[in-house]
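Engineer: would you be able to build a 3D model of this:
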Amino acid sequence: MTPAGILMTALGLLWGLGGTVWLLRHRSYTAAQVPRFLMDLLGFPVELAQSVFGRGGVPYALLLPNMLIFGLFTFAPMILNVYVSMTGGPSIALFDRPYVGWDKYAGLFDCENLLVPKTCSNAGYNFWTGMYNTLWFVAIQVPVMVGAALLTALVVNRNIRGRGFWRAMFFYPVMLSPVVIANIWNWVLHRKGALNAALGDTTEAMTALAGLAGFDIAATVILAVVLMVVTLRSLGPDAPPLAWSFVFAALLAALVTWANPLSLIGRDGSGWLGVGLGLLLLWIVAQGHAARPALYAAAAVSAILLLSIQFDAVFAFDRYRPVNWLVTPKTGWAFFWLVFVFCWSHMGFYMLILLAGLQAIPADLYEAAKMDATSPFRAFRRITLPLVMPTLTVVVVLSLIRSFQIFDEVYLLTGGGPGRETFMVVQNIYEVAFASDKPDYGQAAAGSILMAVVIAVFTFLQLWLTRRQSDL
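Structural biologist: Prediction:
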């Protein structure tokens with residue numbers, strides 16, 4: 001029998017025999033009270049804890065085994081990690097490692113300028129490169145993740161057709177292993193993967209369309225029809241819906257980017273101009289003042305831009321070549337897809353938390369706002385957002401911690417490349433401790449402690465800002 005089996009057998013005998021002796025010493029039973037005796041034996045630990053610790057100490061006595069296990073597998077490794085960070089040598093045995101004090105930390109901070117990792121020692125260069133990449137990843141990914149989760153929760157919280165199906169579909173990626181997710185997206189993003197194959201098929205279709213009807217004419221007609229449908233939906237009999245206005249704003253931004261009107265004056269930046277005009281249109285519609293005139297003006301501008309676009313020169317589908325999405329350096333694609341895959345795989349979990357928070361908001365508040373003719377955007381800003389803010393804080397903190405701990409997806413998708421563009425701090429800790437020919441457990445422990453300090457600072461800062469905002 002294994003040691004675990006022996007331990008479980010001993011605990012069962014101690015419970016059964018010890019409980020029987022204790023119960024028979026404190027009370028008597030008749031033959032008809034055997035079921036009662038069995039129930040008392042089942043609850044024997046609670047009675048024993050109450051008699052030893054008193055009624056007020058029972059909850060703490062029941063929590064004691066869980067806290068012992070939690071301390072053994074959580075707090076003890078943390079304390080040992082601090083000790084390992086102050087020791088050196090290649091041995092994994094604690095008592096065979098010589099004490100070196102703060103040397104491992106000093107090696108990580110051996111830099112002329114902490115903001116420039118190239119000026120650091122080899123250990124500091126790898127660590128701070130990973131740290132800055134991780135901070136950049138967190139700064140982009142957390143707002144995207146929280147925004148997407150909140151938007152999705154708002155949609156699936158409404159009474160839409162197939163609501164249960166959509167909730168399950170958004171949550172499904174959470175149940176997949178990170179290894180499975182990375183392999184799926186590696187297959188999609190490979191040079192000969194599904195994405196390049198789909199884009200190649202689109203290229204052939206658009207080339208054939210250009211040969212049949214002239215690409216400029218066909219694309220202009222298609223986009224004109226889309227623009228007309230979006231305009232009609234946005235300018236309905238009631239107030240302009242925010243969802244269709246968002247589609248209109250995205251279409252306007254795309255048309256401004258493609259038409260590149262700033263090139264007439266020898267300037268760049270039409271993309272930012274398009275994004276700015278789209279956001280301005282959304283803000284005007286959300287405010288509810290002069291929404292229709294703004295949409296009419298945007299429709300006129302979009303029509304003019306549509307006629308000015310040279311589609312064959314802008315899109316150039318016939319010159320498309322497969323893209324190495326994950327290995328081409330200095331393009332930003334590897335980082336973009338890493339953010340996308342991470343959000344896709346984890347967004348459902350945070351959506352579920354926010355959905356629970358949204359369902360806890362009383363429906364009477366929305367009915368009263370509707371009776372007062374409050375716009376949906378104002379109801380969201382004045383009712384939904386303040387009441388869901390505690391749940392949103394939890395989501396932000398959890399996503400912040402999880403983003404700092406990213407390892408599986410990046411290690412399997414990009415391996416930290418191309419170059420060091422997606423090299424994260426957890427990967428540095430892993431490579432120093434386990435993937436190196438000469439593992440340095442002390443340096444890896446020091447790096448993990450510094451990462452924990454950074455996570456704690458960001459977490460407490462977020463909680464402090466949220467508490468301050470709620471107090472105001």
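Engineer: how is this protein divided into domains?
Structural biologist: 3-65, 117-191+325-471, 213-319 (automatic domain parsing).
Engineer: who wins for proximity to Trp102 among these?
Structural biologist: Minimum separation from Trp102 across the domains of the chain (C-beta to C-beta) falls at domain 117-191+325-471, 8.8 Å. Glycine gets a C-beta too; all of them are placed from N, C-alpha and C.
Engineer: so for that closest one, what's the average pLDDT?
Structural biologist: Here domain 117-191+325-471 scores 90 as its mean pLDDT.
Engineer: just the buried residues of the helix ranked longest in the chain, please?
Structural biologist: Counting by DSSP state H, the longest helix found in the chain is helix 122-156. Going by neighbour count (16 or more other C-beta atoms under 10 Å), the buried part of helix 122-156 is 123-134, 137-138, 140-142, 145-146, 148-150, 152-154, 156.
Engineer: which SSE is immediately downstream of that helix?
Structural biologist: helix 163-171 (DSSP states H and E).
Engineer: angle of that next one against helix 122-156?
Structural biologist: 170 degrees (axes from the mean of the first three to the mean of the last three C-alpha atoms, to 10 degrees).
Engineer: chain center to helix 163-171: distance?
Structural biologist: With C-alpha atoms, centre = their mean, to the nearest Å as the basis, helix 163-171 stands 18 Å off its chain's centre.
Engineer: tell me which residues of that helix are tucked away?
Structural biologist: Under the neighbour-count criterion of 16+ other C-beta under 10 Å, helix 163-171 has Arg167, Phe170, Phe171 buried.
Engineer: other SSEs contacting that helix?
Structural biologist: Where contact means 3 or more C-beta pairs under 8 Å, 6 or more residues apart in numbering; DSSP states H and E, helix 163-171 is packed against helix 122-156, helix 333-359.
Engineer: could I get the buried residues of helix 163-171 as CSV with distance to His26?
Structural biologist: Below are these laid out as CSV (distance: C-beta to C-beta, whole Å):
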residue, distance to His26
Arg167, 52
Phe170, 55
Phe171, 51
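Engineer: let me know the closest of those residues to Ala294.
Structural biologist: Nearest member of the buried residues of helix 163-171 to Ala294, counting by C-beta to C-beta, is Phe170, at 32.6 Å.
Engineer: for the closest one, what are its contacts?
Structural biologist: Phe170 is in contact with Thr152, Val156, Met347, Gly348, Met351, counting by C-beta atoms under 8 Å, 6 or more residues apart in numbering.
Engineer: residues near the last one, how many?
Structural biologist: Summarising burial for Met351: neighbours were counted as other C-beta atoms under 10 Å, giving 26.
Engineer: just the angle for the one helix or strand Leu251 maps to relative to helix 122-156, thanks.
Structural biologist: Using DSSP H and E, Leu251 maps to helix 242-259. Put simply, helix 242-259 runs at 130 degrees to helix 122-156, going by the same axes, to 10 degrees.
Engineer: Thr422 in helix, strand or coil?
Structural biologist: Secondary structure, DSSP: H, G, I helix; E, B strand; the rest coil: Thr422 is coil.
Engineer: please report how far it lies from Ser177.
Structural biologist: 20 Å (C-beta to C-beta, to the nearest Å).
Engineer: so the two - more neighbours on which side?
Structural biologist: Thr422 (26 against 10).
Engineer: what's the closest non-adjacent residue to that one?
Structural biologist: Leaving aside its sequence neighbours, Thr422 sits nearest to Thr414 (C-beta to C-beta, 6 or more residues apart in numbering; 4.6 Å).
Engineer: wait, the one you found touches Thr328, no?
Structural biologist: No - with contact defined as C-beta atoms under 8 Å, Thr414 does not reach Thr328; the gap is 11.0 Å.
Engineer: more neighbours: those two, which one.
Structural biologist: Thr414 (24 against 13).
Engineer: distance check, the more buried one against Val426.
Structural biologist: Going from Thr414 to Val426 by C-beta to C-beta gives 14 Å.
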